[in-house]
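Trainee: Build the 3D model from these lines:
(2 chains)
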Amino acid sequence: MEPIEEIKKIVGKITKLEVKDNWIEVPPDKKFGDFSCTIAFDLAKEMKRNPNEIANEIVKKIKLGKESNFSKIEVISGYINFFLKKEEFCENLLNKILKEGKKFGRLNIGKRIRTMVEFSQPNTHKAFHIGHLRNTCLGDALSRILEFANFDVIRANYPGDIGTHVARCLWCYLKFHRGEEPKERKGEWLGKIYAEACKRIEENPAYEAEVKEILKKLEERDKKLINIWRKTRKWSLDDFKRIYKELDVKFDVYFFESELERKGKRIVEEALKKGIAKISEGAPIVDLSAYGLDVFMLLRSDGTSLYSTKDLALAKEKFEKYKIKKSIYVVGSEQKMYFQQLFKTLELLGFKQASDCYHLSYELVMFESGKMSSREGTVVLYDELADKMKEKAYEEVRKRNPKISEKEARKIAEIIAIGAMKYGMLKFDNNKVIIFDWEKMLEFEGDTGPYLQYACVRANKILEKYGEIENKIRCNQVEEVEIELIKQISIFPALIKKICETYKVNLLADYCYRLASKFNEFYDKCPVLSEKDEEKKRMRIAIVHATKLVIERCLLLLGIKIPEFM
RNA sequence: GGGCCCGUAGCCCAGUCUGGAUAAGGCGACAGCCUUCUAAGCUGUAGAUCGUGGGUUCAAAUCCCACCGGGCCCA
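Mentor: Residues are numbered from 1 along each chain as shown, chains lettered A, B, ... in the order given. Sure thing, here's the model as predicted:
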């Protein structure tokens, strides 16, 4: 039995209560044991008695059996402190991992829940910038974690290939850059055209009418214009695909806004017929003020579509065609209100699945001076960042490996650069604004991606030199660093469970850093290959093996690759 | 005017959901450690009125209320 389970069982038996998770904690200091139970404080309140006395009474009744995980139980000022039989605990865990191998941490959810994670959603005709990167890393990592935990995940992308921004870009392209075509990174070039369009329109608002005309023609499927739209749209999409390939991010399905306009308009008609929507100032709206959600507009008064028009159609498609149970939307937090309105409207339209729609919001990537804006062209492009990261990583790789080939150095550098970038995006809580800082982003020491990769590379090197690993080991004596490391490994399955419930991907990044840190400490203090005591050596190899498995798993789930050397 | 998020050391950040013992790390600074499995590493020192003020509690960074500062959304 797991140690925590055992505490729940024995304390529960004596108090005749179900022991809650938050009554059990890990003490701040080793001298207080390995686990602590705070049940006496709560009981003291109810019984109006001294917690210390109650704790002592509980402990007096506990008889530890031979199979128990614990060697000792102590009461200190109301806390019931449990001390593990360290050697047994380590031996059990290590042997369990030797047996389970890569399956360690995988959850056994009986039924596979079909879950769609929609993320990335870049706009064509605009640049792919580091805000999209945050979104993409987050959605990809979440998908990987849910997949590992046995959810049936469908990864969806939803590029914005139609709408005002496209009309602006095409207007500027046709009016000022007709026929031009760059040789490479064509999507990036279109992004510049878009920024130029915004600038020109701002300077001369009379252009607005011309843009509107283009938008209208696009919705009416004007043949000539559609051909140009198709061509330029592909420029952007090709750029996105190149970036996803570099990031090793895959999608199972692409939805395009342009393909949802008509279906969306039909749903709006239906909503009007049902009386859920009504016309106000010429535009169909849903009045959600009864739910504190103001008014939700479904179409513009000129009949052109909005995000909402298309999102209604998309949701319907997700529910009906893909038969999903859960729908996760990874979208910036500025859209919180919008998604509340959308989900409520879906509910009113009779979609039961609306209650299983979840907006996973995250804050923006900003500059110290304020928001990035693709309109003003003040964005850090993905390629700009990636190029600099790769160059920096290349220098570092060269410093340490002067003899390897150019090709090999570039390959390793890319793995490190992409890892650093992803970790830099994933380690922060999603509610927190990331203030973009070149210096911090280009850091490869301390709490960074390369630190994690490095720990894993070190572990791999030891295992590679050792050869075949035994499938059962014994722990006669374990040192403090070893116990600390093994304890960190042991909480991995619980962590995965928690992330599946909270969608907090940064917990995994944080965990992995702590694990790598404990391993580096172990690496420094406990020689493995040169250890003379054979039994101890086998145990240490098992520790290295277990650490490698878990770090490798974490990095895989974060979407970070591991170089062969670095 | 209404709503949401953030505020923890010079800088960055975990912990807040589910209150618990001495607030965890990273960067930067200072002092050490490479003839021993890769120093992108390890060890130590200095650095925190947990935005402010109240409240609840045996116990508050964590829960409640008010306010201040920053960001976002709606009107």
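
Trainee: host element of A:Lys403?
Mentor: For A:Lys403, there is no host helix or strand (DSSP states H and E).

Trainee: number of nearby residues for the closest residue to A:Asn431 other than its chain neighbours?
Mentor: With CB to CB, 6 or more residues apart in numbering as the criterion, A:Asn431 has its nearest non-adjacent residue at 5.9 Å, and that residue is A:Glu363. Every C-beta, even on glycine, is put in place using the N, C-alpha and C of the backbone. By the criterion of other CB atoms under 10 Å, A:Glu363 has 17 neighbours.

Trainee: per-residue confidence at A:Glu363?
Mentor: If you check A:Glu363, the pLDDT there is 96.

Trainee: Who are the contact partners of it?
Mentor: A:Gly332, A:Ser333, A:Asn430, A:Asn431, A:Lys432, A:Val433, A:Ile434 (CB atoms under 8 Å, 6 or more residues apart in numbering).

Trainee: Quick check on the residues you listed: which are buried?
Mentor: Among those, those scoring as buried are A:Gly332, A:Ser333, A:Asn430, A:Ile434 (criterion: 16 or more other CB atoms under 10 Å).

Trainee: The third one contacts A:Val365, correct?
Mentor: No - A:Asn430 lies out of contact with A:Val365 (CB atoms under 8 Å); the separation is 11.6 Å.

Trainee: and which of the contacts of A:Glu363 is nearest to RNA strand B?
Mentor: Nearest to RNA strand B out of the contacts of A:Glu363 is A:Asn431 (CB to the nearest atom of the strand; 3.9 Å).

Trainee: what about that closest one, distance to A:Ser333?
Mentor: Separation of A:Asn431 from A:Ser333 (CB to CB, to the nearest Å): 7 Å.

Trainee: and for those two, which residues touch both?
Mentor: In contact with both A:Asn431 and A:Ser333: A:Ser361, A:Tyr362, A:Glu363, using CB under 8 Å, 6+ apart.

Trainee: which residues in the stretch 101-250 of chain A form strands?
Mentor: For the stretch 101-250 of chain A, the strands defined by DSSP state E, counting those that start in this stretch occupy A:114-118, A:152-157.

Trainee: Kindly present these as TSV, with separate columns for mean neighbour count, distance to RNA strand B and mean pLDDT.
Mentor: As requested, the strands of the stretch 101-250 of chain A are exported to TSV (neighbours: other CB atoms under 10 Å; distance: least, CB to the nearest atom of the strand, whole Å; pLDDT from 0 to 100):
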stretch	mean neighbour count	distance to RNA strand B	mean pLDDT
strand A:114-118	22	19	97
strand A:152-157	21	22	98
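
Trainee: can I get those in TSV with distance to A:Arg458?
Mentor: Converted to TSV, these look like this (distance: least, CB to CB, whole Å):
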stretch	distance to A:Arg458
strand A:114-118	33
strand A:152-157	32
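
Trainee: Just the ones of the contacts of A:Glu363 in strands?
Mentor: Mapping the contacts of A:Glu363 onto strands (DSSP state E) picks out A:Gly332, A:Ile434.

Trainee: Out of the contacts of A:Glu363, flag the one nearest to A:Glu181.
Mentor: A:Gly332 (31.8 Å; CB to CB).

Trainee: Next up, the contacts around that closest one.
Mentor: A:Gly131, A:Asn135, A:Ser361, A:Tyr362, A:Glu363, A:Leu364 are the contacts of A:Gly332 under CB under 8 Å, 6+ apart.

Trainee: Could you measure from the fourth one over to A:Thr502?
Mentor: Going back to what we said before, that points to A:Tyr362. A:Tyr362 sits 14 Å away from A:Thr502, going by CB to CB.

Trainee: what about these two, which has more around it?
Mentor: A:Tyr362 (24 against 9).

Trainee: quick one: the spatially closest residue to the more buried one that is not a sequence neighbour from A:Asp140, how far?
Mentor: Nearest residue to A:Tyr362 in three dimensions, chain neighbours excluded: A:Asn430, at 3.8 Å (CB to CB, 6+ apart). Applying CB to CB, one obtains 14 Å for the distance of A:Asn430 from A:Asp140.

Trainee: Give the full set of residues in contact with the closest residue to A:Asn401 other than its chain neighbours.
Mentor: Nearest residue to A:Asn401 in three dimensions, chain neighbours excluded: A:Ala409, at 6.7 Å (CB to CB, 6+ apart). Counting by CB under 8 Å, 6+ apart, A:Ala409 touches A:Tyr394, A:Val397, A:Arg398, A:Asn401.

Trainee: Which of the residues you listed fall within helices?
Mentor: A:Tyr394, A:Val397, A:Arg398 (DSSP state H).

Trainee: And those, which is closest to RNA strand B?
Mentor: A:Val397 (4.4 Å).

Trainee: show me the contacts for that closest one.
Mentor: By CB under 8 Å, 6+ apart, A:Val397 lies in contact with A:Ile404, A:Ala409, A:Ile412, A:Ala413, A:Ile416, A:Met566.

Trainee: could you pick out which of those are near RNA strand B?
Mentor: Restricting the contacts of A:Val397 to those near RNA strand B by CB under 7 Å from any atom of the strand leaves A:Ile412, A:Ile416, A:Met566.

Trainee: Just the element for the closest residue to the last one other than its chain neighbours, please.
Mentor: Nearest non-adjacent residue to A:Met566, counting by CB to CB, 6+ apart: A:Val457, 5.4 Å away. When elements are assigned from DSSP H and E, A:Val457 belongs to helix A:449-466.

Trainee: Equivalent analysis for A:Leu507, please.
Mentor: Assessed by DSSP H and E, A:Leu507 sits inside helix A:506-525.

Trainee: buried ones in that helix?
Mentor: A:506-513, A:515-520, A:522-523.
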